[in-house]
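**Student:** fold the stuff below for me.
(one chain, ligands or ions: 1)
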Amino acid sequence: MSESDQSPQGDDSSQEWPTHCDHCGTELQSAVVDVVPDADSEHLQTGSPGTVIRQDFCPNPDCPGRVSA
Ligand SMILES: [Zn+2]
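**Tutor:** Here you go, the predicted model:
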């Protein structure tokens, strides 16, 4: 048995997550934008802060797709 002989097949297209900016090609960075506390009290007992919402953003200040607020 060789555990290092893992060759995933047909599972790489099930979930596609962009890792680079679609506009300028810069590698995206992930930042926590918000944390939503779980309403279920059972989650509080486990010490879970809630659902962490993370959002990918392009760190390139000159990105053409950058949303200026
Ligand atoms: Zn960009």
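**Student:** going by C-alpha atoms from here, please, whenever you check contacts or count neighbours.
**Tutor:** OK.
**Student:** which elements pack onto the helix or strand where Val33 lies?
**Tutor:** Per DSSP states H and E: Val33 is located in strand 29-36. Counting contacts by 3 or more C-alpha pairs under 8 Å, 6 or more residues apart in numbering; DSSP states H and E, strand 29-36 is packed against strand 51-57.
**Student:** okay, buried residues for the strand it packs on please.
**Tutor:** Within strand 51-57, the residues scored as buried using 16 or more other C-alpha atoms under 10 Å are 56-57.
**Student:** which stretches of this structure form helices?
**Tutor:** Counting by DSSP state H, the chain has helices at residues 41-45.
**Student:** list of residues touching stretch 51-62?
**Tutor:** Outside of stretch 51-62, the residues within contact range by C-alpha atoms under 8 Å, 6 or more residues apart in numbering are 21, 26-38, 66.
**Student:** contacting the ion as well, which ones from those?
**Tutor:** By C-alpha under 5 Å from the ion, the members of the contacts of stretch 51-62 lying near the ion are Cys21.
**Student:** now Ile53. Nearest residue, chain neighbours left out?
**Tutor:** Spatially, and ignoring its direct neighbours in sequence, Ile53 is nearest to Asp34 (5.2 Å; C-alpha to C-alpha, 6 or more residues apart in numbering).
**Student:** gap between the one you found and Gln55?
**Tutor:** Distance, Asp34 to Gln55, by C-alpha to C-alpha, to the nearest Å: 9 Å.
**Student:** could you do Val32 as well?
**Tutor:** According to C-alpha to C-alpha, Val32 and Gln55 sit 6 Å apart.
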